[in-house]
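>>> I need the structure of the sequence given here:
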Amino acid sequence: MASRDDGPGSSPAPAPAGERQPPAPPTHEQELGRRLRTLRKWCGASRHGLAKASGISVYTLRRYEEGRAAAPLLQLHRIAQALKASLVYLHSGMNPPSEADVAEMRLWWKLNQVSPEQATTVLKLIDGILSQLPRRRSAAGG
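So this is what the prediction gives:
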């Protein structure tokens, strides 16, 4: 009778012919890359634009987004700052942004893409739009 070694160093038996192995769970780098790509797209940022704003190369950002490289915390901090995103969410996936947070991130990104002269025009347009909206009541009831 042949003995079988199922100890800690042994590898799992291969799947029978024709049967597929379940996919491996995503790695931390793959999950982080998915969140990074999602945040970038929510903001309307291109890879090139985010690379310029964060000081990280397009090549490196692509590797992070594809989950093929581990991003150091300092790099993640620079990316989060450029997108006005939560470093906690980017790194761990905890506390995802609300719809209002995403709108603020998108507005922040867009405003940082225009010249100072264009920003003045944009702010005047926003002021005009806001003046046409019904006023919000304060939480104090006033």
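
>>> name the helix or strand of this protein that has the lowest mean pLDDT.
Within the chain, confidence by mean pLDDT, DSSP states H and E is lowest for helix 116-132 among all helices and strands, at a mean of 91.

>>> just the residues contacting that helix, thanks.
For helix 116-132, the external contacting residues (Cβ atoms under 8 Å, 6 or more residues apart in numbering) are 111, 114. For every residue, glycine as well, the C-beta is placed using N, CA and C.

>>> in it, what counts as buried?
By 16 or more other Cβ atoms under 10 Å, helix 116-132 has no buried positions at all.

>>> what does stretch 39-57 give?
Judged by neighbour count using 16+ other Cβ under 10 Å, the buried positions of stretch 39-57 are 39-40, 42-43, 45, 47, 49-51, 53-54, 56.

>>> can you name the residues that contact the residue sitting nearest the centre point of the chain?
Most central in the chain under Cα atoms, centre = their mean is Leu36, positioned 2.7 Å from the mean C-alpha point. Going by Cβ under 8 Å, 6+ apart, Leu36 touches 61, 64-65, 71, 79, 90.

>>> helix or strand for it, which one?
helix 28-43 (DSSP states H and E).

>>> tell me the helix or strand right after that helix.
Once helix 28-43 ends, the next helix or strand along the chain (criterion: DSSP H and E) is helix 47-54.

>>> export that next one as PDB, just CAs?
Presented in PDB, the C-alpha positions along helix 47-54 are these (Å, rounded to 0.1, in the frame of the first residue of the first chain):
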ATOM      1  CA  ARG A  47      -3.900  58.200 -16.200                       C
ATOM      2  CA  HIS A  48      -1.700  60.900 -17.700                       C
ATOM      3  CA  GLY A  49      -3.500  63.700 -15.800                       C
ATOM      4  CA  LEU A  50      -3.300  61.800 -12.500                       C
ATOM      5  CA  ALA A  51       0.400  61.000 -13.200                       C
ATOM      6  CA  LYS A  52       1.100  64.700 -13.600                       C
ATOM      7  CA  ALA A  53      -0.900  65.700 -10.600                       C
ATOM      8  CA  SER A  54       0.600  63.100  -8.300                       C
END
